[in-house]
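Visitor: Need coordinates for the following:
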Amino acid sequence: MQAQHKIKSLLEQLNTVIVGKNARVQDCVACLLAGGHLLIEDVPGVGKTTLAHALSHTFGLQFARVQFTADLMPSDLIGLSVYERGKEAFVFHPGPVFAQVLLADEINRASPKTQSALLEAMEEKQVTVEGETRALPQPFFVIATQNPHDQLGTYALPESQLDRFLMRISLGYPSRDAERLLLAGGDRRDMASALPALLAPGELAALQQKVLEVHAADPLLNYIQDLIAATRSGQWFVQGLSPRAAIALVRAAKAQALICGRDYVAPDDVQAILAQTIAHRLVPVGSAGRGAVAQVQAMVDAVALP
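Guide: A predicted model of the protein is given here:
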């Protein structure tokens, strides 16, 4: 019950800053409770960075923001060793990746070399600098924002990197009523910066443990395996989902169930987070004539419920 109250207050506080996007905000909270990295893709100016700021402040996490540009180097992200004459030795100066939340703003504006520097950090929660492996703080999340690929000066993220993100969401334009609130109200970025932390250091870990304790029954796991098999059949997508994606799907569904106040996963939970969790890992077959999200929806309609 305590967990339910905490999650409800998290959602309510985030919805005061990100107006009219309750479903997307809930996806973000589910993603972080499941311990996954989040990718927010949309056109400039719809609130991607504001949402990332609001999430890190509300969860009470220490964060660092990096503006990705074409000339950003891996050492700008990870850190580097500098010779200090007083100590007569090289001293490591950690980069912004040594934070609990890394806001990777416009991640697809950086070169592939810099993008790949994040791979080890995202998957193994550690970085290797000059032959020495250094652990990152716990918890560690990457919240990345990116502009659509057709915008100037963007490099598409490689499949291996996209697969490291638990979810990709798109905010979209606000409704007319929500936009009126934005026009009449204060600056949302200032509001996000002033948000109080609602979780103490140990509470996020406790909520993540609660997510793992949510029960997934055999019939539900059969349903998830049917969905995974459908992606691999060649009828819907060029290439199917990996086992990593299947594990991510189960974790996200458990987080969704916890947010809805249940200790078991229902098919509705799987369907609620399916497109956000798998669409960015898939490429529809050429004859589909629709995007990945619409193709996932069509596939769900064709797969029988348990």
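Visitor: what residue ranges in the stretch 51-200 of the chain score low on pLDDT?
Guide: Scanning the stretch 51-200 of the chain for pLDDT under 70 picks out the ranges 149-153.
Visitor: can you give me the helices for it?
Guide: 74-78, 112-124, 159-162, 176-184, 188-193 (DSSP state H, counting those that start in this stretch).
Visitor: Just list what the second one packs against, helices and strands only.
Guide: To tie it back to what came earlier, the one meant is helix 112-124. helix 74-78, strand 126-129, strand 141-146, helix 159-162 (3 or more CB pairs under 8 Å, 6 or more residues apart in numbering; DSSP states H and E). C-beta: built from backbone N, CA, C; applies to glycine.
Visitor: What strands line up against the third one, and which way round?
Guide: Spelled out, that is strand 141-146. Using DSSP bridges, the strands paired with strand 141-146 are strand 37-41 (parallel), strand 101-105 (parallel).
Visitor: Mind putting these into JSON lines with distance to residue 2?
Guide: Formatted as JSON lines, the strands paired with strand 141-146 follow (distance: least, CB to CB, whole Å):
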{"stretch": "strand 37-41", "distance to residue 2": "25"}
{"stretch": "strand 101-105", "distance to residue 2": "24"}
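Visitor: Quick one: closest of these to residue 229.
Guide: strand 37-41 (25.4 Å; CB to CB).
Visitor: so how far is the first residue of stretch 59-73 from its last?
Guide: 29 Å (CA to CA, to the nearest Å).
Visitor: Show me the contact partners of it.
Guide: 10, 32, 49, 53, 56, 76-77, 96-111, 113-114, 137, 139, 141, 153, 197-201, 204 (CB atoms under 8 Å, 6 or more residues apart in numbering).
Visitor: Return the members of these classed as buried.
Guide: The neighbour-count test (16 or more other CB atoms under 10 Å) marks 10, 32, 49, 53, 56, 76-77, 96-110, 114, 139, 141, 198-199, 204 as buried among the contacts of stretch 59-73.
Visitor: what sits against the residue most central in space within the chain?
Guide: In the chain, the centroid-proximal residue (CA atoms, centre = their mean) is residue 38; its distance is 0.9 Å. Residue 38 is in contact with 28, 31-32, 55, 141-144, 165-169, counting by CB under 8 Å, 6+ apart.
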